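# Below are the sequence and a predicted model; questions follow.
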Protein chains: 2
Amino acid sequence: MPDFERRIVAVRAALAGSGGAGLLVGPGADLRYLTGYDALPLERLTLLVVPPTGDPLLIVPALERPRAESQGVSVPIAGWRETDDPFALVPKAVGPAKGTVFVGDRLWAAFVLRLQRELHGLPFGLASSITGPLRIRKDPAEISLLRDAASVADDVALALADERVAGWTERELSRWISDRLIAGGVEHVNFALVAAGENAASPHHEPGDRVIAPGESIVCDFGGTIGGYCSDITRTYVVGPAPDDLREVHGVVLRAQAAGTNAARPGVPCESVDAAARTVIESAGFGEAFMHRTGHGIGLEEHEDPYIVGGNSAVLEPGMAFSVEPGVYVRGRLGVRIEDIVVCNPSGPESLNTAPRDLVELPR
Amino acid sequence: MPDFERRIVAVRAALAGSGGAGLLVGPGADLRYLTGYDALPLERLTLLVVPPTGDPLLIVPALERPRAESQGVSVPIAGWRETDDPFALVPKAVGPAKGTVFVGDRLWAAFVLRLQRELHGLPFGLASSITGPLRIRKDPAEISLLRDAASVADDVALALADERVAGWTERELSRWISDRLIAGGVEHVNFALVAAGENAASPHHEPGDRVIAPGESIVCDFGGTIGGYCSDITRTYVVGPAPDDLREVHGVVLRAQAAGTNAARPGVPCESVDAAARTVIESAGFGEAFMHRTGHGIGLEEHEDPYIVGGNSAVLEPGMAFSVEPGVYVRGRLGVRIEDIVVCNPSGPESLNTAPRDLVELPR
């Protein structure tokens, strides 16, 4: 069990240091990080209020109080009944402090606008400016969960190498991946993208009815959670022998992925990791075909700080975890992406994913 | 294919009528309702901007432009690249109109606060005040999808009646339900809650490692989507003969559910439907044990207007669809909930779910 009390103390200190009136977070990663509570993201208000001094308060719908208690939440809980107004509880929970109200980055507009009325006159900011610096460096227990999650994903990527998928639809392969992730122990499958042939040129293609044929690239990008922590891996496959252009592009992306990973060391700016991967692809003449950033942080959220993107001069520190996932997308023809989760250790990069990164030729 | 153009014309008219400066919606139900686009809810800005006059604009990350195009989006699209600032596109897309900016009810705070800066000086309101009146009355094609979704859920509820679940964990039964929903054709399983014995007294219990035993109540509440439209059904089961107290409580909830359904007619206030179900439970002496509202609207979202709750004096109209789901929860002992999706037809209520509502005794 993480030391939630220590985390809340750290939030209080950050609030005091930045003149904050309070931290207000709804269901999601911040709430789980600070209390362990995995709440349902519903229209009924669930809100953790952490004032700069005094006790935090978790406001929950009365019907979800048993759920919160069964998850071992140790902060005081205020349950509200269906015909109560839960927003009336907030100003008292925030207390008399003036200053910025930091709301969860993913709190819904319906809640944000209402809270702005209840706390009229106070400026609003984002909770990530308080919780981000805490969450961005993972402790050993968090790294261990990320490693467990990566290991399940690796097993699925490896098992796929033995499957005869020609004739399957993208959706069927996506389902196969989801089933394997669950069998491997994930609590939730976050996504299982499968894109074949010309669809592989769309980085966020939704798996559909397209049938997988020999000789075309198959990009598989999937992840799930272990103990709330996410995995995210991408491998590119082909049924039978790979055509020359696919082999060439894959070789470029493989070198770019290695260059990005190798650059991920303490003191290196995020944008330099992006540049390390991008330079390889640009030098090979595919610069325009790599139209997304190199990576994103990962933890209790699939995508979180630090973002490995041009213009982000923030510097890597030990304990940061993020994807390194360059890709090349040739419209109408093919796509290749290779992705690992990498941890910045004091001594250098460690790839949590270990499944082979080469172009896997599946049996026909 | 729905008539998206007609829907956007209706939004424009509503904006003009309420002095709106524009409608700004991110990934989710409003976006899908207005464009057909099923967007990924990620940290990169995806935003449909509908001004009161002139063309709408869909702002998407460049890497997701192929995804949007493949889904047949017909409004103009502006793609932004990773190092662009997508928020700079918004003021121009909104245009010169002054008035309220209506943002999607579930738009994340990170976007809301940023848009408030970009559109400084304009008041913000919720998109539901514009789209809600359109979405709350379903057209025949929407009802048909809700019926299809309900039918898949019914099949799963029926199939479960033949299973020998004693010895399974709640999580295993939840997985079984999810698998059956997918086999039945749903695109996404939205949830599959299973709560056994004393856990059944927690309305939103997360399925866990508790093993199901004979003689205890098993509340199963699940749903998925067909064509984007949701199902939501709850049935209560027991392995082997039901104990007397469970049988008594189930009989009360069954009568309450029937009373609520029967009250759902055009012209009746939502709160009266709630009261019809609640009165039955209160008369039986279980009023305190029914601690949630009677129901919620359903469509592209699991929970949407109209809410069937005390204090909601809005009046039912033909085409409205919502759950009727009373429950009784006896802490430490048992829970019972029975839920159908009901459509308010001109002639009266129609239950889209038809699976038997009685206390199903599963084989030992």
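Yep, that arrived.
# near chain B, which residues of the stretch 51-200 of chain A?
Residues of the stretch 51-200 of chain A found near chain B (CB under 8 Å from any CB of the partner chain) are A:61-64, A:66-67, A:70-71, A:81-83, A:103-110, A:112-113, A:124-126, A:128, A:175, A:182, A:199. C-beta: built from backbone N, CA, C; applies to glycine.
# What about those, which are in helices?
Among these, the residues falling in helices (DSSP state H) are A:66-67, A:70, A:109-110, A:112-113, A:128, A:175, A:182.
# Most neighbours among those residues, please name it.
A:Ala109 (27 neighbours; other CB atoms under 10 Å in any protein chain shown).
# Hmm, that one is touching B:Arg106, no?
Yes. Between A:Ala109 and B:Arg106 there is a contact under CB atoms under 8 Å: 6.7 Å.
# quick one on the thing from earlier: tell me the two of the ones in helices among the residues of the stretch 51-200 of chain A next to chain B that are most distant?
A:Leu113 and A:Arg175 (39.2 Å; CB to CB).
# hang on, A:Val50 packs against A:Gly22?
Yes. Assessed by CB under 8 Å, A:Val50 is found in contact with A:Gly22 at 6.3 Å.
# Tell me the residues of the stretch 201-350 of chain A that contact chain B?
So the stretch 201-350 of chain A meets chain B at A:201-206, A:291-293, A:303, A:309-311, A:331 (CB under 8 Å from any CB).
# Nearest residue to the residue of the stretch 101-250 of chain A found nearest chain B in space, please, no chain neighbours.
Relative to chain B, the nearest point of the stretch 101-250 of chain A is A:Ser202 (3.6 Å; CB to the nearest CB). Computed as CB to CB, 6 or more residues apart in numbering or on different chains, the closest residue to A:Ser202 that is not its neighbour in sequence is B:Pro66, at 3.6 Å.
# Please name the residues that touch the one you found.
Listed by CB atoms under 8 Å, 6 or more residues apart in numbering or on different chains, the contact set of B:Pro66 reads A:201-203, A:205, A:331.
# Tell me the buried residues in stretch A:246-256?
A:246, A:249-250, A:252-256 (16 or more other CB atoms under 10 Å in any protein chain shown).
# if I look at whichever residue of the stretch 1-150 of chain A sits closest to chain B, how far off is B:Pro203?
Per CB to the nearest CB, A:Pro66 is where the stretch 1-150 of chain A lies closest to chain B, at 3.6 Å. Using CB to CB, to the nearest Å, one obtains 8 Å as the distance from A:Pro66 to B:Pro203.
# Surely A:Asp25 and A:Leu107 touch.
Residue A:25: Val, not Asp. Yes. Shown here, A:Val25 and A:Leu107 form a contact pair, counting by CB under 8 Å, at 7.0 Å.
# Between those two, which is the more surrounded one?
Using other CB under 10 Å, the more surrounded residue of A:Val25 and A:Leu107 is A:Val25, with 31 against 26.
# What is the burial count for the closest residue to that one other than its chain neighbours?
Excluding the flanking residues, the one nearest A:Val25 by CB to CB, 6+ apart is A:Gly104, at 3.8 Å. Residues contacting A:Gly104 under the criterion other CB under 10 Å number 26.
# In the stretch 201-350 of chain A, what residue spans correspond to helices?
A:244-263, A:270-283 (DSSP state H, counting those that start in this stretch).
# who touches the longest one?
Residues from elsewhere that reach helix A:244-263 (CB under 8 Å, 6+ apart): A:215-217, A:236, A:238, A:242, A:272-274, A:276-281, A:284, A:286, A:290, A:294-295, A:308, A:324-328, A:330, A:333-334, A:336-340, A:342, A:349, A:351, A:357-359.
# Which among those residues count as buried?
A:216-217, A:236, A:238, A:242, A:272-274, A:276-278, A:280-281, A:284, A:286, A:290, A:294-295, A:308, A:324-328, A:330, A:333-334, A:336-340, A:342, A:349, A:351, A:357, A:359.
# Select from these every entry located in strands.
A:217, A:236, A:238, A:295, A:308, A:324, A:327-328, A:330, A:334, A:336-337, A:340, A:342, A:349, A:351 (DSSP state E).
# now, which of those residues sits nearest chain B?
Among these, and counting by CB to the nearest CB, the member closest to chain B is A:Gly327, at 9.0 Å.
# Show the contacting residues for the closest one.
The contact partners of A:Gly327, by CB under 8 Å, 6+ apart, come to A:203, A:219, A:234, A:253, A:290, A:292, A:335-338.
# Stretch A:72-89: how far from the chain's middle?
29 Å (CA atoms, centre = their mean, to the nearest Å).
# how many neighbours does the closest residue to A:Leu181 other than its chain neighbours have?
Distance criterion CB to CB, 6+ apart; nearest residue to A:Leu181, sequence neighbours excluded, is A:Gly224 at 4.5 Å. By other CB under 10 Å, the residues close to A:Gly224 number 27.
# now A:Gly224: how far from B:Ala21?
Taking CB to CB, one finds A:Gly224 at 41 Å from B:Ala21.
# from memory A:Arg147 sits against A:Glu350, does it?
No. Counting by CB under 8 Å, A:Arg147 stays clear of A:Glu350, with 9.1 Å between them.
# Okay, A:Gln257 and B:Leu57: tell me how far apart.
Distance from A:Gln257 to B:Leu57, by CB to CB: 35 Å.
# Can you show me the strands along the stretch 101-250 of chain A?
Taking DSSP state E, counting those that start in this stretch, the strands of the stretch 101-250 of chain A run over residues A:124-126, A:189-196, A:217-226, A:229-230, A:233-239.
# who touches the shortest one?
Read that as strand A:229-230. Residues contacting strand A:229-230 (CB under 8 Å, 6+ apart): A:142, A:145-146, A:148-149, A:190, A:223-224, A:298-302.
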